[in-house]
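A.B. asks: here's a sequence, model it:
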Amino acid sequence: MKAMALILAVLTGTAAWAAGALSPDKIAADIAARGAAKAVARLAANGDYDRVLGHIDNGDPRWLALAPKLAPGADAGNAEALVIALAFALPRNPAGVLALLQGKDAFAAADVCEAPFIEDTVKDVPAYVRRARAAVSAVNDPRLASAKVQCLAALAKA
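C.D. replies: Numbering: from 1, shown residues only. Here you go, the predicted model:
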């Protein structure tokens, strides 16, 4: 009976994703049920990985929370795209991104904050760096102080 319920849940989830109903909760549940590698592969195969990255780019906290869950299952290209999405999110939600730069599953400040963009992804990198630096500088949460210092140092190198 439990096996049938699991199969039904997976099939229902597949149908919901096919209908364009991606949500952070559904993706997190898929990662919990199947593992990060299978969840990322499924997202990539459906063309949904880029949509997820677009939500992360925007700095939405619910989507940012998926980043450390997706990271263990991301291969080289998908992992790089995830870091770039976090870099795009940095000026939009600096506190949210800084929180991901500390702790057990932390992203490296150097990777996220050194403007890791590929080719012409960002037309004016110096302007991006100024926006990101201003946004990070404005974060006053003492719990994020160490990540803030590391990120500002990385931005200075960008």
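A.B. asks: residue 131: neighbour count?
C.D. replies: Residue 131 sits with 15 neighbouring residues when counted by other C-beta atoms under 10 Å. C-beta here means a position set from N, CA and C on the backbone, and glycine is covered the same way.
A.B. asks: residue 73 contacts residue 38, doesn't it?
C.D. replies: Yes. At 7.1 Å, residue 73 and residue 38 qualify as touching, with contact defined as C-beta atoms under 8 Å.
A.B. asks: neighbour count for the two, which is higher?
C.D. replies: The neighbour count for residue 73 versus residue 38, taken as other C-beta under 10 Å, is higher for residue 73 (20 against 13).
A.B. asks: ok, now which ones touch the nearest residue to that one once chain neighbours are set aside?
C.D. replies: Beyond its immediate neighbours in the sequence, the residue positioned closest to residue 73 (C-beta to C-beta, 6 or more residues apart in numbering) is residue 36, lying 2.8 Å away. The neighbours of residue 36, taking C-beta atoms under 8 Å, 6 or more residues apart in numbering as the test, are 69-74.
A.B. asks: quick one, which of the residues you listed are buried?
C.D. replies: 69-71, 73-74 (16 or more other C-beta atoms under 10 Å).
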